[in-house]
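# Just to be clear, the model below is a prediction. Sequence and coordinates:
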Amino acid sequence: MAGKRGNIIVRNHGKIERNVTLMAVLIAITISIGGLVEIVPLFTIKTTIEKVDGVRPYSPLELAGRNIYLREGCYTCHSQMIRPFRDEVLRYGPYSLAAESMFDHPFQWGSKRTGPDLARVGGKYSNAWHVQHMINPQSVEPGSVMPSYRHLMRPLKLKLIQAHLRANQAVGVPYTKAQVAAARGDLRAQADPEGEHDHDGLLKRYPKAVVADFDGNPAVLTEMDAVIAYMQILGRMVDFRKYKTKDLQQ
Amino acid sequence: MTTEREKDSVTGTETTGHEWDGIRELDTPPPSWLMWIFYLSIVFAAVYVVLYPAIPLGGSYTKGVLGYSSREALDVSMAQLRKAQGQYLVQINAKSPAEILKDPQLRTFAVRGGLVAFGDNCAACHNLGGTGRHAYPSLADDVWLWGGKPADIYATLKYGIRSGHDKTRTSAMLPFGTGQKMTEPQTADVAEYVLSLTKRSKDAAAVTRGAALYGRQCASCHGKSGGGDQKQGAPALNDQIWLYGGTKAEIIAQIVRPKMGVMPAWVDRLKDETLKMLSVYVHALGGGK
């Protein structure tokens, strides 16, 4: 297209290509423009988060469950993002808010729905159902292509939990000193409702946390306990009935 | 090395005017359909930016001439749906499940609506059509744990069973019924007695021994003759319908380590009208009282 008639850049391209310094300066300018367009909006990210009550950092057991969710790649088949469309809202419940994933690093919106969206799965099923489904999905849903996760019945590694909380702290999740200090105890307390634990403290630190012997085996704290604790809090932190569209203006 | 742009003699196209080790490159223009798509995309983008939300501005963003918001569009669409269902929904909200069942038109509407909600929320446990499976009761038969009247079903759905909700239906079978330990032979005798309630026992002596124990440890919930008690959600033991299986081994397992079914509360998840439609649907599955 561009010949001798071509525009100024094409005509002078030879100059740029032969002058390294000029080329470096122009590259720097180009990249900074791209960078600014991507980064500047992030400085105002707070304004994109709806003002709703109830969203809190995950309890240690929920966080451990979330880590397993990532490790096992559940997000490759499950989204956690209900879009504001009629069919989705009718099937799953209220559409997802940015506020709900403000403590998620990284967020689990996902982009693939081989299985259903999980953003509102908390409270939808009993713990016993989850255990049965995780061990043998086809026993509750004969046509399911979800694989068995029976290996999650192994003990949960407890040692690193405080480090996990601190790692989240480092990227901006507001865990308090007290929460980090109590993490080991809270981890056990949430999966052992009958045991001698500080359950009141746990529920004060993490309101609405589901305290239960999730996998039906109170003697061992398993990865299954953690994953189900995580499933049971999804979509339960915000009381959506309190908000209308205009309250959620970003 | 720069050379002059020149016409290539074979193709008749201009070269770029570069030469690398004697190789020159044709400057073939992109096909015009591609260029048109390119220009049209730019025009589309410009129009889009004017019409729709597009450019972030610090704490806000350009709202676009149309003022479109996907969330508001959803509100409009939901309102249209409600309008289309109009009178039906108004009446369903105003009436009790029992009254809805008496009105043929409303009943049909509710059963259809209930069917859809059942597939989304209940079938994972109760199976499609409410036929049930191990540990999850069939809702299509006329045997009920907690009652099969429309109002009973509605209350069960709303608050769940052992769901943790303040108003949940709840009860607990303790180990050996009352928590008072029985020896292994005693447990076997009681199980034999339970089998006799459905005429499946062949050991008359064990049944006689078990009867006394049953009266002491089981009858307060399951009834003197095994008819069950809906106030406590205690299943009848004198029918052929079993949650956890009716073999001797399964009965003994339930006596020693009782299983307790949990059904979630739906009042905070589903709209009241949906709960009513579900109650009508379950009632209409065939076993409603």
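Structure's in. What do you need? Residues are numbered from 1 along each chain as shown, chains lettered A, B, ... in the order given.

# Residue of chain A nearest chain B, please.
Here chain A gets closest to chain B at one residue, A:Ser126, 3.9 Å apart by C-beta to the nearest C-beta. Glycine gets a C-beta too; all of them are placed from N, C-alpha and C.

# how many neighbours does that residue have?
25 (other C-beta atoms under 10 Å in any protein chain shown).

# Who's the closest spatial neighbour of A:Pro207, skipping the chain neighbours?
A:Arg56 (6.5 Å; C-beta to C-beta, 6 or more residues apart in numbering or on different chains).

# so who does the closest residue to A:Arg113 other than its chain neighbours touch?
Spatial nearest neighbour of A:Arg113, excluding adjacent residues (C-beta to C-beta, 6+ apart): A:Ser79 at 5.2 Å. By C-beta atoms under 8 Å, 6 or more residues apart in numbering or on different chains, the contact set of A:Ser79 is A:108-113, A:117-119.

# Which phi and psi values does A:Ser79 adopt?
Note on A:Ser79: backbone dihedrals following degrees, to the nearest 10 are phi -90, psi 160.

# Within range of chain B, give me the residues from chain A.
Counting by C-beta under 8 Å from any C-beta of the partner chain, chain A comes close to chain B at A:1-4, A:14, A:40-41, A:44, A:47, A:83-86, A:89, A:91, A:93, A:95, A:120, A:123-129, A:133, A:140-141, A:245, A:248.

# So for stretch A:10-23, mean pLDDT?
Mean per-residue pLDDT for stretch A:10-23: 86.

# Flag the shaky bits of chain A, pLDDT-wise.
Within chain A, the stretches with pLDDT under 70 are A:1-7, A:9.

# Can you pull the domain assignment for chain A?
Chain A breaks down into these domains under automatic domain parsing: A:8-48, A:60-239.

# Could you work out the end-to-end span of the longest one for me?
Spelled out, that is domain A:60-239. 22 Å (C-alpha to C-alpha, to the nearest Å).

# same thing with the first one?
Distance between the two ends of domain A:8-48: 42 Å, counting by C-alpha to C-alpha.

# Tell me the spacing between the residue nearest to the spatial centre of chain B and A:His199.
Most central in chain B under C-alpha atoms, centre = their mean is B:Asn121, positioned 1.6 Å from the mean C-alpha point. Distance of B:Asn121 to A:His199, computed by C-beta to C-beta, to the nearest Å: 30 Å.

# swap in B:Ala151?
Distance check for B:Ala151 against A:His199: by C-beta to C-beta, it reads 36 Å.

# which residues of the stretch 101-250 of chain B score low on pLDDT?
For the stretch 101-250 of chain B (pLDDT under 70), the answer is none.

# For it, list the residues in contact with chain A, please.
Residues of the stretch 101-250 of chain B lying near chain A (C-beta under 8 Å from any C-beta): B:120-121, B:124-125, B:133, B:135.

# so what's the residue of chain A closest to chain B closest to, chain neighbours aside?
B:Val262 (3.9 Å).

# tell me the contacts of that neighbour?
The neighbours of B:Val262, taking C-beta under 8 Å, 6+ apart as the test, are A:126-128, B:160-163.

# mind putting those in TSV, distance to A:Leu221 included?
Formatted as TSV, those follow (distance: C-beta to C-beta, whole Å):
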residue	distance to A:Leu221
A:Ser126	20
A:Asn127	14
A:Ala128	18
B:Gly160	26
B:Ile161	27
B:Arg162	23
B:Ser163	24
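
# quick one: which of these sit in helices?
A:127-128 (DSSP state H).

# Show me which of the contacts of B:Val262 are buried.
Neighbour-count burial (16 or more other C-beta atoms under 10 Å in any protein chain shown) is assigned, among those, to A:126-128, B:160-163.

# so, if you compare those, which one comes nearest to A:Pro193?
For the buried ones among the contacts of B:Val262, the closest approach to A:Pro193 (C-beta to C-beta) belongs to A:Asn127, at 11.2 Å.

# from memory the closest one sits against A:Asp215, does it?
Yes. Counting by C-beta atoms under 8 Å, A:Asn127 does reach A:Asp215; the two are 7.4 Å apart.

# joint contacts of the two?
Residues touching both A:Asn127 and A:Asp215 (C-beta under 8 Å, 6+ apart) are A:Ile228.

# before we move on, back to that, tell me which of the contacts of A:Ser79 is nearest to A:Phe240?
The shortest approach to A:Phe240 among the contacts of A:Ser79 belongs to A:Ala119, at 11.4 Å (C-beta to C-beta).

# contacting residues for that closest one?
A:79-82, A:92, A:96, A:100, A:234-235.

# Ok, A:Arg66 next?
Residues near A:Arg66 by C-beta under 8 Å, 6+ apart: A:58, A:104, A:108, A:230.

# just to revisit the earlier point, just send the residues of the stretch 101-250 of chain B next to chain A back as TSV, with secondary structure too.
TSV is the format used below for those (DSSP: H, G, I helix; E, B strand; the rest coil):
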residue	secondary structure
B:Asp120	helix
B:Asn121	helix
B:Ala124	helix
B:Cys125	helix
B:Arg133	strand
B:Ala135	coil
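
# Three-state assignment for B:Arg209, please.
Put simply, B:Arg209 is helix when judged by three-state DSSP.

# how close does B:Tyr214 sit to chain A?
27 Å (C-beta to the nearest C-beta, to the nearest Å).

# Settle this for me: the residue of chain A closest to chain B is touching B:Met263, isn't it.
Yes. Contact criterion C-beta under 8 Å: A:Ser126 and B:Met263 qualify, at 7.0 Å.

# residues shared between the contacts of those two?
Contact criterion C-beta under 8 Å, 6+ apart; residues shared by A:Ser126 and B:Met263: B:Cys125.

# At which residues are the strands of chain A located?
Assigned strands in chain A: none (criterion: DSSP state E).

# biggest helix in it, by residue count?
Among the segments of chain A that qualify as a helix by DSSP H, the longest is helix A:20-43.

# got it, and chain B?
helix B:70-94.

# roughly how far is that one from the heart of the chain?
22 Å (C-alpha atoms, centre = their mean, to the nearest Å).

# Give the next helix or strand downstream of the helix or strand hosting B:Trp36.
Using DSSP states H and E, B:Trp36 sits in helix B:32-51. Toward the C-terminus, helix B:32-51 is succeeded by strand B:56-57 as the next helix or strand (DSSP H and E).

# How about that following strand and chain A, touching?
Yes. Residues of strand B:56-57 contacting chain A under C-beta under 8 Å from any C-beta: B:Pro56.

# Which strands border that strand, and is each parallel or antiparallel?
Here strand B:56-57 is paired, per DSSP bridges, with strand B:60-61 (antiparallel).

# list the contacts for B:Leu51?
Applying C-beta under 8 Å, 6+ apart to B:Leu51 gives the contacts B:64-66, B:68.

# no no, B:Tyr52
By C-beta under 8 Å, 6+ apart, the residues touching B:Tyr52 are B:64, B:66, B:68.
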